[in-house]
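Undergrad: build the 3D model from these lines:
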Amino acid sequence: MAWLENDYVEYERILGIDEAGRGPLAGPCIVAGVILPKGFSHPLINDSKQLSAKQRELCFKDIVIHALWVGVVEVMPETIDRRNIYQATKDANIHLIELAHADLCLTDAMAIQNQKIPVYDFIKGDSRSISIAAASIIAKVSRDAIMVYYDEIYPQYGFKQHKGYPTKAHIEALNTYGICPIHRLSYGPVANIVKPNLFNGNL
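TA: Model (predicted):
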């Protein structure tokens with residue numbers, strides 16, 4: 001596979017950014033940035049959604065070992081509710097760019113202007129750039145671990161299985177137990193539960 005990095009060989013430190021968890025009803029969105037050594041290759045690194053959990057874990061370890069820089073931003077549910085998921089994710093992207101000391105940034109369809117370095121966004125960037133793919137793996141593995149932790153605190157919701165996504169089991173748990181502190185109040189299925197309770201004075 002010819003990665004996008006091959007088109008930017010004049011840059012020494014290329015930052016790839018991607019996130020995991022924009023769509024779930026609960027838990028944080030994790031935004032990760034990775035700078036890999038120039039010319040770095042790996043037989044498994046790809047879009048995290050194309051890998052098994054075991055493959056992601058293996059790649060995660062190799063990325064952490066070999067990367068020149070790895071950064072992670074945890075965007076909490078209250079920030080998502082206040083800023084909206086797009087703007088909150090964009091803010092996290094900008095924060096990583098400011099921290100990374102990179103020469104160039106590649107993002108997964110997140111357009112960002114007015115930075116000190118060039119920033120290019122690509123649709124399906126996590127399958128076109130090894131740096132973005134590596135960031136997607138860091139973000140996904142990190143978020144999954146967080147949701148397994150939350151499963152221990154709120155076991156009735158099944159976070160270990162669905163990671164906060166709007167599965168049938170999750171919706172049924174919401175209807176049975178109501179919301180918990182990590183639910184995103186601005187997301188439809190959660191808001192549908194919160195608003196009637198607010199109206200009835202139950203929250």
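Undergrad: which residues in the chain form helices?
TA: Ranges of helices in the chain, per DSSP state H, are 53-66, 77-83, 85-100, 130-153, 159-162, 168-177, 188-199.
Undergrad: ok, which of the ones you listed comes nearest I30?
TA: helix 130-153 (4.2 Å; C-beta to C-beta). From N, CA and C alone the C-beta is placed, and that goes for glycine too.
Undergrad: tell me what that closest one is packed against?
TA: Counting by 3 or more C-beta pairs under 8 Å, 6 or more residues apart in numbering; DSSP states H and E, the packing neighbours recorded for helix 130-153 are strand 14-20, strand 29-35, helix 53-66, strand 69-75, strand 104-108, helix 159-162.
Undergrad: which ones are touching the closest residue to I94 other than its chain neighbours?
TA: Of all residues not flanking I94 in the chain, I112 sits nearest, at 6.3 Å (C-beta to C-beta, 6 or more residues apart in numbering). Counting by C-beta atoms under 8 Å, 6 or more residues apart in numbering, I112 makes contact with K90, N93, I94, I97, C105, V119, D121.
Undergrad: ok, the last one touching C105?
TA: This means D121. No - D121 is not in contact with C105 according to C-beta atoms under 8 Å; the separation is 9.1 Å.
Undergrad: before we move on, the earlier item: ranking the helices of the chain by burial, who's on top?
TA: Across the helices of the chain, averaging neighbours per residue (mean count of other C-beta atoms under 10 Å) puts helix 130-153 on top, at a mean of 23.
Undergrad: I'd guessed R22 sits against T89; true?
TA: Yes - counting by C-beta under 8 Å, R22 touches T89, with 6.4 Å between them.
Undergrad: between those two, what contacts are shared?
TA: Common neighbours of R22 and T89 (C-beta under 8 Å, 6+ apart) are C29.
Undergrad: the more surrounded of D121 and C105?
TA: Shown here are D121 and C105; by other C-beta atoms under 10 Å, C105 has more neighbours (28 against 16).
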